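> give me coordinates for this.
(chains A, B, C, D, E and F)
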Protein chains: 6
Amino acid sequence: LASSSTSKLRLGSSKRNWLTPENNSRLGPESLWLPGLSAVRAVSSPGGPTPPFTTLSVSQPATAVTHIELHRPEKRNAMNKAFWREMVECFTQIAEDPDCRVVVVSGAGDVFTAGIDLMDMASEVLQPEGDDMARTSWNMRRIIAKYQETFSVIERCPKPVVVAVQGACVGGGVDLITACDIRLCTQDAWFQVKEVDIGLAADVGTLQRLPKVIGSRSLVNELALTARKMYADEAKESGLVSRVFPDKEAMLAGALEMAGEIAGRSPVAVQGTKVNLIYSRDHSVAEGLNYMATWNMSMLQTEDVMKSAAASMEKKSPKTITFSKL
Amino acid sequence: LASSSTSKLRLGSSKRNWLTPENNSRLGPESLWLPGLSAVRAVSSPGGPTPPFTTLSVSQPATAVTHIELHRPEKRNAMNKAFWREMVECFTQIAEDPDCRVVVVSGAGDVFTAGIDLMDMASEVLQPEGDDMARTSWNMRRIIAKYQETFSVIERCPKPVVVAVQGACVGGGVDLITACDIRLCTQDAWFQVKEVDIGLAADVGTLQRLPKVIGSRSLVNELALTARKMYADEAKESGLVSRVFPDKEAMLAGALEMAGEIAGRSPVAVQGTKVNLIYSRDHSVAEGLNYMATWNMSMLQTEDVMKSAAASMEKKSPKTITFSKL
Amino acid sequence: LASSSTSKLRLGSSKRNWLTPENNSRLGPESLWLPGLSAVRAVSSPGGPTPPFTTLSVSQPATAVTHIELHRPEKRNAMNKAFWREMVECFTQIAEDPDCRVVVVSGAGDVFTAGIDLMDMASEVLQPEGDDMARTSWNMRRIIAKYQETFSVIERCPKPVVVAVQGACVGGGVDLITACDIRLCTQDAWFQVKEVDIGLAADVGTLQRLPKVIGSRSLVNELALTARKMYADEAKESGLVSRVFPDKEAMLAGALEMAGEIAGRSPVAVQGTKVNLIYSRDHSVAEGLNYMATWNMSMLQTEDVMKSAAASMEKKSPKTITFSKL
Amino acid sequence: LASSSTSKLRLGSSKRNWLTPENNSRLGPESLWLPGLSAVRAVSSPGGPTPPFTTLSVSQPATAVTHIELHRPEKRNAMNKAFWREMVECFTQIAEDPDCRVVVVSGAGDVFTAGIDLMDMASEVLQPEGDDMARTSWNMRRIIAKYQETFSVIERCPKPVVVAVQGACVGGGVDLITACDIRLCTQDAWFQVKEVDIGLAADVGTLQRLPKVIGSRSLVNELALTARKMYADEAKESGLVSRVFPDKEAMLAGALEMAGEIAGRSPVAVQGTKVNLIYSRDHSVAEGLNYMATWNMSMLQTEDVMKSAAASMEKKSPKTITFSKL
Amino acid sequence: LASSSTSKLRLGSSKRNWLTPENNSRLGPESLWLPGLSAVRAVSSPGGPTPPFTTLSVSQPATAVTHIELHRPEKRNAMNKAFWREMVECFTQIAEDPDCRVVVVSGAGDVFTAGIDLMDMASEVLQPEGDDMARTSWNMRRIIAKYQETFSVIERCPKPVVVAVQGACVGGGVDLITACDIRLCTQDAWFQVKEVDIGLAADVGTLQRLPKVIGSRSLVNELALTARKMYADEAKESGLVSRVFPDKEAMLAGALEMAGEIAGRSPVAVQGTKVNLIYSRDHSVAEGLNYMATWNMSMLQTEDVMKSAAASMEKKSPKTITFSKL
Amino acid sequence: LASSSTSKLRLGSSKRNWLTPENNSRLGPESLWLPGLSAVRAVSSPGGPTPPFTTLSVSQPATAVTHIELHRPEKRNAMNKAFWREMVECFTQIAEDPDCRVVVVSGAGDVFTAGIDLMDMASEVLQPEGDDMARTSWNMRRIIAKYQETFSVIERCPKPVVVAVQGACVGGGVDLITACDIRLCTQDAWFQVKEVDIGLAADVGTLQRLPKVIGSRSLVNELALTARKMYADEAKESGLVSRVFPDKEAMLAGALEMAGEIAGRSPVAVQGTKVNLIYSRDHSVAEGLNYMATWNMSMLQTEDVMKSAAASMEKKSPKTITFSKL
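Numbering: from 1, shown residues only, chains lettered A, B, ... in the order given. A predicted model of the protein is given here:
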């Protein structure tokens, strides 16, 4: 497809060596806005991982939108050692990148992710070093904490993260998506809290976040204790995802459109909203209100409020406004 | 309609100058019980605000039921400076009024509320005073805290608050309804967390309460970050409202019937239930149980338990019992 | 039915005097695995309470599965004084019993439970002793704390508890089921937070746990403040139960099947999952992750992980593995 | 004494009808700075309460310093009904008064306070109304909460409060001083947690604040459980007071000098310090740091930092700087 | 000594088989009040443990005062398996015993306690059972939790506990005394957080309670990390103890006198004070005040307040009042 | 001095390029134990910063003891930009270094530290970038959080940190030392919470940690609000430091001796103690005990317990044991 190859080219140019110093700051002017479907096609093109990453493909399909694709489709995007490290690097950069206002995460190929790559990780996870039991446990705790960090960076990144799931989302995949802000899926998606099947309690976030993400505790317990699959309809009904799409292409288009909506609004408002929503989850309402007032005592003085209020009175979309970078 | 005019008269007599000292204590015997629909018609009659209020119409459609109507229909019940002040005054009185056991909040006209009245409030909210940045921020924080208080009084009032929403419920309206206890709406209602559109993170309660009110965190984030509208069906499905009615008249009848059910039960039981439900939201289960036991060690000694237990064994409704005022 | 009588016999043999020392440790080899429906029939057979219990019938319908039946069907399983005491004894034993990996709770007869047995308990609950008001309150608080403990033992028991509800589940019944982990019901089930009807705020768990069990706060408040009944469909939609079955027989079969799934997995994984899910409910995500890492630093070193991982790679069910007792 | 009468005159001019609207905003230029001892003499002069107060004498002995004197010396400054109401009114005004940067609290006459005025308050505290036990308790709880508020306003007032104690400080007096920020006393001062002697657990702050104010829990328990007196030396040693003075005159001079030090520094710095010290007391270190960073992200942008840093480099005292009002 | 033998007799009569049903309720009239020193001599007499206890000697030296003596002087009161179990039994009884209003804990012989009896306990603590590492850890956790409970019962017992330490107080002894309310010691007493010397972090309370018991965090850390001894003077200075006595006899006389002061006051006031002091330690001031108000809304209605207030106005000691049992 | 030059040589050999990969792992056998004073002289020798550090001198004066010296004596060890960055690097390494079991921090020259180096840091701290007020605040918050992290790494490092203060310890110095575990000082030391003098509330830890480090809240408030100096005696009396030494030489000898005591004990015990002491500070006692039990369920299984218990029974010092690295 011509349009596809064109967008592939564009995508190529917007793909960057994500860690080299010269790209550490700002994206160049070639970052063009790519509307709807062609962006999706670009995104799903077989471009492969973006160096220096080996498991992630990072691109900028539209202004201020960063797209991260889990990119080991031949391994069903299983999470190997490199993946855990790269996620931290990637989100640490994104958190500081003023050209990114929203993130979309998806998986290359037919499934979102098969979860942890047991083969690759067994040596570290299953056989930690240590001269005695206490020392082995000590090392094990550091390893677990390191893996927990992998998904906590998503939460600490002030830019909203939309995740789009097709096919399987297993084990570590559920840990990952519950750390994201908005969850979308295709009609053929299914979710499985797999850990109990391999003899362990899920320890990188699912048991902590899933109950705060969906409204039925009975369902959470059932999923975590039986490792049964949950399909798209039940995922929507229970509130795990807020939208279901017929297929991956439609879902990515929807994810990018939603990302565009978010990217088009004041970053001061958007990122302040994420920070405070997460703060509120972990605090009482009174605590949350106190923090919010202390936050907004300065943030309300942004010129974005004036610009936005003016646009609102003129019935213009906030997307017509140019906001300063944050 | 004759019945309408009749009930209007009755309503007139039950409307009171809410702040004069002589009414500060008890309602007189003219507070008649107005059954079902005629009460609703009375409530929705074009009576205008109840002095000294300029934005609220306060009446007593049935024994022990207080009805507060946002009453600036020509401005789509937009929240101006007077409204914020009057809400605090009104709920402070209600909290102490032994003749009120339950509150219904609704909006006059076609929409519940268009949210904050930017025109009226811009000067205060957008341009706080201050000799330097820190002093401006200091003042801003006090203003935010004051507005937060407006809706926190609803939560601190020990009487349950049922809110009934038709048409639009935008911005500050969502802050308001999430501080109420039970939410009802009409089929044509829609809800919008609007703040991000005017360049700010919602700071008078939505970000703190909405996630604790509905079960899908993905949906909460989507609503708060994109400012998209949510319609009645999704509101019901997600649990924001617990009932949807075909139109405003039916909704108000339903709200009053529900209020009547609540008002007919022991106020010691009802208000203790509200206080402890809110306490539990913000504490662990163990903390909540401890508080509950300490609360009920005296409250169980009410004669209401004896009266209610006796009625229950005789298969009588609790509404047949006369409970002392609280 | 022949099969019924057969299984009744078997059941007899697996019923034990639950408190005698010789049974305090391990179940003998006569604990046979009873497949699906015949187990259900056995369970619902009119065997009566298991001594020394007078209100509970305890059996082991399948390996590592303990079934507790509320067994006062002639009183609609109303909770009398004995019941409150026996629940604590029963779950204290179960918590320590290495032969139990999962618990199913159900009610004999047509209804799950009519709630508290007011006749039996009125003297204690309604007329506590005390020389003056403070002393009466002091005693009342101890009584409440004791009753709260009845259901908190369910939560502290590290083995998952599946509860299956048919017909009515009223008052204390709701306190009970919200302390269980997984809730199932029949199509004819209904739930009622009854306390407000007898003049008191529910004080043995409903107000603390129900809001953390279902996703709609408006619904929680409505149920607790009006004491209206909620039927199976709304219970499913709101997330109170995660599955609805056509009738009691199917439900018990389903409950036992689910229990079998859980019992077939590593007890280290399963019980660690329950412990951490409950910890997470009452803490922030960061707190939960810290506790999880500290928990798993030793638990991951179980041989169950190796066994399970090996089975998983060979595409075998975890139920084919023999796990050491815990 | 001549100087005494002179300063009485001055004091007269700086005494204001504290609640009349015209004084609601700013103090006039007649608020003169009164150095050291003569200020003290003025303060301790028998001027009587400042209308509309009947138990408090409020003056401004130095720029930006407000002095509140408990003023019922003939009743040993016992706390009657009027006192509890007036403290709230007084501190509510002070909290908003930009001309006040620091508060000194002391007691007229020979003793700081004999505590609650049982005669005046018995009817309310000992015989609350209520149709039954639950309703009486309900009213009692509101009364307690109201009295707790009396001292919590001291804590919520962002201006530091220095309290100076001579002679007796009994019962409610300990509740009061533990809510202040800095405690000073004379050599003849003694402190008594008296409540247990009149049959009740101290409920307006002592049991909550005293353990967070001094470092020996054994001592706190001893004082609260035996009602024994603690004298100045032990008060200093245990950290209840940070300074002991030989007599009242020296103490008031010292209190005013300390108040002058505080008033001479940036109010943005001083009040931000108080707010964050109190926040930190009730939160973990990590929580406190997060709140602090969010607070200072705007407060550090005050011009006071520039002014103060400049003075600091020039080795000038911060008291030489003119700071804008806050 | 004659007086000693006499008091031994008396003591014999007040010693009871602590667990037999007939003694489960009230003490008979033979419980004589033993004044000052002779009581002490009685207490320190070589009477041996009170059956069924083997490590504790329990007596009632004065009305409403229970004295518990660690009684294995030949083993320096080292804590063996029996001790841990008996402490729980003893305090569980005391918590419910209306004839006990205050507890004194001391150690027979020359030292308070040498800490854990490693010989007796090594098998359980050092070699827990378990088929694999996770199961061993699981069992270890239950053992630790059980030992923690031993001292937490002291804290949960609503009656104040005064502990009197002579000679050594090592390891588990520090865990014990930090769970008591008031700490006294002799001039020759020394304290040692010994655990680090045997290769473990103190896990039955010292690390949790010591920092909340004394005011110098640097000292706490030094003691816990170096296992150095702290002598009486530093213990007093740091606030660990609130009084130092010249020798054991004087200390016990002082402890009993203090216990008499506490026992002579309203048990509603005293026990409410302990409950709320402990609640406050673990909560913010605002939380503590809320709990306090809810507690006292009934407790203030005790007749003890009237009795005590009347005595207070008549300048009588509260010890002259007869309070109902609690 | 010969011994001094010798130890200087040794010290030279134990000084390493702290960040080069080859030194990233283990120290070589040349790390000799240097007894008492000569180690001190070595430490205080004018060796200068250890590359790559420019403000820190890092050495290993004894086995398993790391000594960090603030080393800009010509600038009174003022904290410049490099210092903040290097502290994080240094402690991040130390936290992972199995050859370090305890850390000593001191300052080169006559004063511990003059606090922040305003000249060097003014541009960043006083003039953060940002297109509008909200963006400037956003950046300011990131800068503050970064500086807070500088001292939080000390707390998160599981090895105990002993800090030794001579002369001045001003501003940022107080933030630093309150994040350490044990504080020592010389007789000529003084401490000053300086921030309020330069117009700001201390925001990198003092306001959060100081009140949890010393026992007198009145003193904390006085220090923070008036910026007055506190000298060694008051620092000792208030518990800020746990020991005072006559001069710097004696103090460093004492610090190293204490470090030796700590280093000679089981690292599993020592580091577990630090981790749990910090956890306990920020949690309730019940929370702390739960965490402790979960921690020790594996840590008690260390062979260090067996080794230490055996040594203890043989009356040997734990320092005679060889513990595996952690």
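
> can you name the residue of chain A nearest chain E?
A:Met133 (6.5 Å; Cβ to the nearest Cβ). Using the backbone N, CA and C atoms, a C-beta is placed for each residue, glycine as well.

> so what's that residue closest to, chain neighbours aside?
F:Gln301 (4.2 Å; Cβ to Cβ, 6 or more residues apart in numbering or on different chains).

> also A:Asp97?
Leaving aside its sequence neighbours, A:Asp97 sits nearest to A:Thr66 (Cβ to Cβ, 6+ apart; 7.5 Å).

> alpha carbons of the host helix or strand of the one you found, as PDB, please.
Assigned by DSSP states H and E, A:Thr66 belongs to strand A:65-70. Extracted C-alpha coordinates of strand A:65-70, given in PDB (Å, rounded to 0.1, in the frame of the first residue of the first chain):
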ATOM      1  CA  VAL A  65       2.100  11.300  21.200                       C
ATOM      2  CA  THR A  66       4.600   8.600  21.900                       C
ATOM      3  CA  HIS A  67       3.800   5.100  20.800                       C
ATOM      4  CA  ILE A  68       5.600   2.200  22.500                       C
ATOM      5  CA  GLU A  69       5.200  -1.200  20.900                       C
ATOM      6  CA  LEU A  70       6.300  -4.300  22.700                       C
END
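
> mind giving me the packing neighbours of the following helix or strand past it?
Downstream of strand A:65-70, the first helix or strand assigned by DSSP H and E is helix A:81-96. Packed against helix A:81-96, as judged by 3 or more Cβ pairs under 8 Å, 6 or more residues apart in numbering or on different chains; DSSP states H and E, are the following elements: strand A:56-62, strand A:65-70, helix A:118-126, helix A:133-156.

> for these, which one ends up most surrounded?
strand A:65-70 (a mean of 26; mean count of other Cβ atoms under 10 Å in any protein chain shown).

> same question for stretch A:238-251, mean pLDDT?
The pLDDT scores in stretch A:238-251 average 98.

> that one vs chain C: in contact?
Yes. Using Cβ under 8 Å from any Cβ of the partner chain, we find that stretch A:238-251 touches chain C at A:238-239.

> list the buried ones in that stretch?
A:238-245, A:248-251 (16 or more other Cβ atoms under 10 Å in any protein chain shown).

> from those residues, which land in helices?
A:238, A:248-251 (DSSP state H).

> list the contacts of A:Lys212.
Residues near A:Lys212 by Cβ atoms under 8 Å, 6 or more residues apart in numbering or on different chains: A:281, B:217, C:280, C:285.

> typo on my end, it should be A:Phe112
Contacts of A:Phe112 (Cβ under 8 Å, 6+ apart): A:70, A:77, A:106, A:164-169, A:173, A:177, A:189.

> hang on, isn't A:Tyr279 packed against A:Tyr291?
Yes. Using Cβ atoms under 8 Å, A:Tyr279 is in contact with A:Tyr291, at 5.5 Å.

> of the two, give the one with the bigger neighbour count.
A:Tyr291 (22 against 19; other Cβ atoms under 10 Å in any protein chain shown).

> any idea how far that one lies from A:Gln208?
21 Å (Cβ to Cβ, to the nearest Å).

> low-confidence stretches in chain A?
A:1-46 (pLDDT under 70).

> tell me where it has helices.
Remark: helices assigned in chain A by DSSP H are A:2-14, A:36-43, A:81-96, A:118-126, A:133-156, A:172-178, A:206-213, A:217-226, A:232-238, A:248-263, A:267-281, A:285-299, A:303-313.

> residues in the stretch 1-150 of chain A within reach of chain F, list them.
With the criterion set to Cβ under 8 Å from any Cβ, the stretch 1-150 of chain A comes near chain F through A:131-135, A:137-138.

> ok, now which ones touch the closest residue to A:Ala95 other than its chain neighbours?
The shortest distance from A:Ala95 to any non-neighbouring residue, by Cβ to Cβ, 6+ apart, is to A:Cys157 (4.3 Å). The contact partners of A:Cys157, taken as Cβ under 8 Å, 6+ apart, are A:91, A:94-95, A:103.

> ok, now with 10 Å
A:90-97, A:100, A:103, A:179, A:181, A:271, A:274 (Cβ atoms under 10 Å, 6 or more residues apart in numbering or on different chains).

> just give me the closest of those to chain C.
The shortest approach to chain C among the contacts of A:Cys157 belongs to A:Ala179, at 8.9 Å (Cβ to the nearest Cβ).

> what about that closest one, how many neighbours?
Neighbours of A:Ala179 (other Cβ under 10 Å): 27.

> related to what we said a few turns ago, which members of the ones in helices among the buried residues of stretch A:238-251 are the farthest-apart pair?
Farthest pair in these (Cβ to Cβ) is A:Ser238 and A:Glu249. Separation: 25.2 Å.
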